[in-house]
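Engineer: I would like the atomic coordinates for the input below:
(chains A and B)
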Amino acid sequence: MENQNKIPVTPQVAPPVAVQPPVQKVFKLDVENGSGNEKPSMLQTLMKASGSVFMEKMNVPVQPVSDITKSVLGPRPTLGANSTFIRQIEERRNRKSLRILIGTLLVAVLVFGYFKLALSPDVTIFGPNIATRFEESNQEIKQIQTQVNEQYFRTARLHLDRLSQLGDGFRFHTALASSATLSAVERAESDGELNRLRGEMKNSLVALKSVFIRPLAVPMYSNSPRTPAKAEGEFADALRAHLLQRKNELGDLRDEAVIVEQRYLDSMIKAVDNAPLRRTIADLDLDVLTGEKITEVLSLLQQGGGDDLSIISRIKEGRIRWTEIIASIESVTRQVDALYGQGLFDEIGGIRYTDYDFDRTTGQVTVSGLTKTEDSKTFSLIANLIDRFEKSSGFKDIEMRSFSKSAAEGAGFSSSLRLTFYLQSGDDVRDERIP
Amino acid sequence: MNTDFLKKSNIYLIIAMIVIVVGGLMSYAQWQDYMARQSAVSDNMLRVSGLQQELEKAGTEYESMRGTYQAEQEKFQAQILKVLPEGEQYTQFTRDLDEFFDKNFTSRNAFVASSARFGQGMVAEGGAYAVLPVSLSVESSKENFYKFLRLAEESGTLAEGQRLMDIQSIRISLPENPSAGDTFTYTVNLNAYYRNVTK
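Structural biologist: Next up, the predicted model:
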């Protein structure tokens, strides 16, 4: 018993064991190598769940599992030396990720494709899409608004023609009112006519203002922002193109009705192009309608116009009023010879003209005649006349460089006269220099 | 850690996520565009009917105005044609001048055109209109001389209906010893204008 209890204390030396390097086992799970009937341990479950990637990468040496841990962790998993399974999981994960990516890309392509189909006006495979319908509805609005503008411009053309017609008389009587040769009765008649014309023109301007004050453009949905001026320009272009198209569609140009319609369309196109006129009329204060304002409107009306009335107005404005020129020559002459034109030349002397020569192209005027004085200073009389002409604001470049005189017994001295000068428009410094 | 993160499967997922985020944002923008257009189309349809009504109203207004101005318009066109006729029409112009001289001729106020010469018509201002040169030799009193000048100066007025003229030159010869009622002669070169029908 004692012996049994005594345990010889002998150092138990373990038999020398060949020291082996620790087994560098790679932790690999090989379920296939197991029995297949064993219930997977917790470790196996954990490993399955978390994946073995980490452990595989770390190359953790595998320690023998103690019995205690065996009961806790379950049977030791059988580790295989190959990585087929893990690789398969990895590949499965890659495939899954790739499938997700492809699926995402596919959805993205589908979504973009749908929007491309819906928002691109060029795509009409499935009929008009929203973009096409958007463009079409915008186009329809533009088209109808252009037709509305056409109707308003047809009305405006009527009033513009009326204004031109009245303006012709207005210009005539305005010019007449400033004429020096007009009698008091004629002036009063002219003033009355001017007032009547002004009243009628105001009516036309009221109607025109109501047309031109409304914008040509209507608000429209657009992909890019548009300024009101740009929109106005776009609608003006559309109206011009529309009217030109109407003009091109006209039939036989020998037909009187067609010719008239063509003139109307030309007149309307001119009104579309004449934005300053439209703006001026739209901004008019009709309560204070001065003669100057009417003249400004009339000038704008004929601006750049190739129509008949504009041509007529342009030619009329370029004309010289010869009655005024002759009246001016006589007025200047009276400054030197107070009795000029009284029929006293033979008795008293002075100046008498015998020939006038007016040339509109060069603006040159040649006046020939006689001068007669009691004393011998006929040359001085002519010199004074030259100076008076030069000083006047209507004439310039007076020339008479050759003088000749003759004396008649008991009849004083006489001298022939030939003055050449030009019509002056604008200022001439010599007008001020001559005393 | 980095090499783990850059694994193929993760890269796929990251790309997918980027596609989802970017695509989502872009799709949202496209969807908004789509909805905006749809709303614009509905609104445009409503506005089209409004504009149709306005077109009808403007057309009626024009037709009514046209009726009122019809006679006025025809008169206006006739006046223009009188002032700026189509073609030279020098025979009519001759008759008009003769009528004027005859109307103003009295025993005390002579007014005789001794000669009238018409040149060849020529286009002016790039074909906008044409010019007929006319040369007249006239013998008249001073009073009638001024009447003639006024006729030329006031020609082209629609209300007067006198053919548009512009005096180019005047040469007047007065008698050496004039007395009241004396006549004098003058030569007037003027342009009579007409519409260039070939334009």
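
Engineer: got the contact list for residue 148?
Structural biologist: Just going to use chain A. B:51, B:54-55, B:58 (C-beta atoms under 8 Å, 6 or more residues apart in numbering or on different chains). (Glycine included, C-beta is placed from N, CA and C.)

Engineer: chain B, not that one
Structural biologist: B:Phe148 makes contacts with B:100, B:111, B:138, B:140, B:188, as judged by C-beta under 8 Å, 6+ apart.

Engineer: what values do phi and psi take at the third one?
Structural biologist: According to degrees, to the nearest 10, the main-chain angles of B:Val138 amount to phi -130, psi 140.

Engineer: OK, contacts around it?
Structural biologist: By C-beta under 8 Å, 6+ apart, the neighbours of B:Val138 are B:101, B:111-114, B:145, B:148, B:185-188.

Engineer: just the pLDDT for the residue nearest the centre of chain B.
Structural biologist: Taking C-alpha atoms, centre = their mean, the centroid of chain B lies closest to B:Ala128, which sits 10.2 Å from it. pLDDT for B:Ala128: 76.

Engineer: next: B:Ser27.
Structural biologist: Model confidence at B:Ser27, given as pLDDT, is 87.

Engineer: equivalent analysis for A:Leu101, please.
Structural biologist: Here the pLDDT value assigned to A:Leu101 is 87.

Engineer: where's A:Ile351, which helix or strand?
Structural biologist: Using DSSP states H and E, A:Ile351 falls within strand A:350-359.

Engineer: to clarify, my last question referred to A:Arg418.
Structural biologist: Assigned by DSSP H and E, A:Arg418 falls in strand A:412-423.

Engineer: repeat that for A:Gly410.
Structural biologist: Take DSSP H and E as the rule and A:Gly410 turns out to sit in neither a helix nor a strand.

Engineer: burial measure for it, as a count.
Structural biologist: Neighbour count for A:Gly410, taken as other C-beta atoms under 10 Å in any protein chain shown: 5.

Engineer: how close does it get to chain B?
Structural biologist: Distance of A:Gly410 to chain B, given as C-beta to the nearest C-beta, to the nearest Å: 18 Å.

Engineer: do A:Gln143 as well
Structural biologist: 9 Å.

Engineer: just A:Arg321 next, same as before
Structural biologist: Distance of A:Arg321 to chain B, given as C-beta to the nearest C-beta: 5 Å.

Engineer: that residue against B:Glu153, yeah?
Structural biologist: Yes - between A:Arg321 and B:Glu153 there is a contact under C-beta atoms under 8 Å: 5.3 Å.

Engineer: out of these two, which sits in the busier spot?
Structural biologist: Using other C-beta under 10 Å as the criterion, A:Arg321 and B:Glu153 rank with B:Glu153 on top: 22 against 19.

Engineer: and the next element down the chain from the host helix or strand of that one?
Structural biologist: Taking DSSP H and E as the criterion, B:Glu153 maps to helix B:142-154. Counting by DSSP H and E, the element after helix B:142-154 in chain order, helix or strand, is strand B:165-173.

Engineer: so whichever helix or strand comes after that next one, near chain A or not?
Structural biologist: With elements assigned by DSSP H and E, the helix or strand that comes after strand B:165-173 is strand B:184-194. Yes - Strand B:184-194 comes into contact with chain A (C-beta under 8 Å from any C-beta of the partner chain), by way of B:Tyr193.

Engineer: thinking again about what came up before, now the helix holding B:Glu153: average pLDDT?
Structural biologist: Here the average pLDDT along helix B:142-154 is 91.

Engineer: show me how far the longest helix belonging to chain A is from its chain's centre.
Structural biologist: Scanning chain A for the longest helix, with DSSP state H as the assignment, gives helix A:130-177. Remark: helix A:130-177 is offset 19 Å from the chain centroid, using C-alpha atoms, centre = their mean, to the nearest Å.

Engineer: would you mind getting the angle between that helix and helix B:142-154?
Structural biologist: Helix A:130-177 runs at 170 degrees relative to helix B:142-154, counting by axes from the mean of the first three to the mean of the last three C-alpha atoms, to 10 degrees.

Engineer: any idea how far chain B is from A:Thr323?
Structural biologist: Counting by C-beta to the nearest C-beta - A:Thr323 and chain B are separated by 5 Å.

Engineer: related to what we said a few turns ago, now secondary structure, neighbour count and distance to A:Arg154 too, for the contacts of A:Val148, in JSON lines please.
Structural biologist: Output for the contacts of A:Val148, formatted as JSON lines (DSSP: H, G, I helix; E, B strand; the rest coil; neighbours: other C-beta atoms under 10 Å in any protein chain shown; distance: C-beta to C-beta, whole Å):
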{"residue": "B:Leu51", "secondary structure": "helix", "neighbour count": "20", "distance to A:Arg154": "17"}
{"residue": "B:Glu54", "secondary structure": "helix", "neighbour count": "16", "distance to A:Arg154": "14"}
{"residue": "B:Leu55", "secondary structure": "helix", "neighbour count": "19", "distance to A:Arg154": "12"}
{"residue": "B:Ala58", "secondary structure": "helix", "neighbour count": "20", "distance to A:Arg154": "8"}
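
Engineer: out of those, who's nearest A:Ala118?
Structural biologist: Of all those, A:Ala118 sits closest to B:Leu51, with 26.6 Å by C-beta to C-beta.

Engineer: so the closest one sits against A:Thr146, correct?
Structural biologist: No - using C-beta under 8 Å as the test, B:Leu51 is too far from A:Thr146 to be in contact (10.1 Å).

Engineer: does the residue nearest to the centre of chain B touch A:Ile311 like I think?
Structural biologist: Yes - between B:Ala128 and A:Ile311 there is a contact at 5.8 Å, judged by C-beta under 8 Å.

Engineer: which residues does the residue nearest in space to the middle of chain A contact?
Structural biologist: With distances taken as C-alpha atoms, centre = their mean, the residue of chain A nearest its centroid is A:Lys230 (5.0 Å). Contacts for A:Lys230 (C-beta under 8 Å, 6+ apart) come out as none.

Engineer: for the helix or strand harbouring it, give the mean pLDDT please.
Structural biologist: According to DSSP H and E, A:Lys230 maps onto helix A:228-248. Averaging pLDDT along helix A:228-248 gives 93.

Engineer: now whatever helix or strand comes next after that helix, how far from the centre of its chain.
Structural biologist: Going down the chain from helix A:228-248, the next helix or strand is helix A:256-273, by DSSP H and E. Averaging C-alpha positions (C-alpha atoms, centre = their mean) puts helix A:256-273 25 Å from its chain's average.

Engineer: report all helices and strands that helix A:256-273 contacts.
Structural biologist: helix A:130-177, helix A:228-248 (3 or more C-beta pairs under 8 Å, 6 or more residues apart in numbering or on different chains; DSSP states H and E).

Engineer: okay, these, which one's buried deepest?
Structural biologist: Counting by mean count of other C-beta atoms under 10 Å in any protein chain shown, helix A:130-177 has the highest mean neighbour count of the helices and strands packed on helix A:256-273, with a mean of 21.

Engineer: got the angle for it vs helix A:228-248?
Structural biologist: Orientation check (the same axes, to 10 degrees): helix A:130-177 against helix A:228-248 gives 80 degrees.

Engineer: buried ones in whichever helix or strand comes after helix A:130-177?
Structural biologist: Following helix A:130-177 in sequence order, the next helix or strand is helix A:184-212 (DSSP H and E). For helix A:184-212, a neighbour-count test (16 or more other C-beta atoms under 10 Å in any protein chain shown) marks A:190, A:193-194, A:197-198, A:201-202, A:204-205, A:207-209, A:211-212 as buried.
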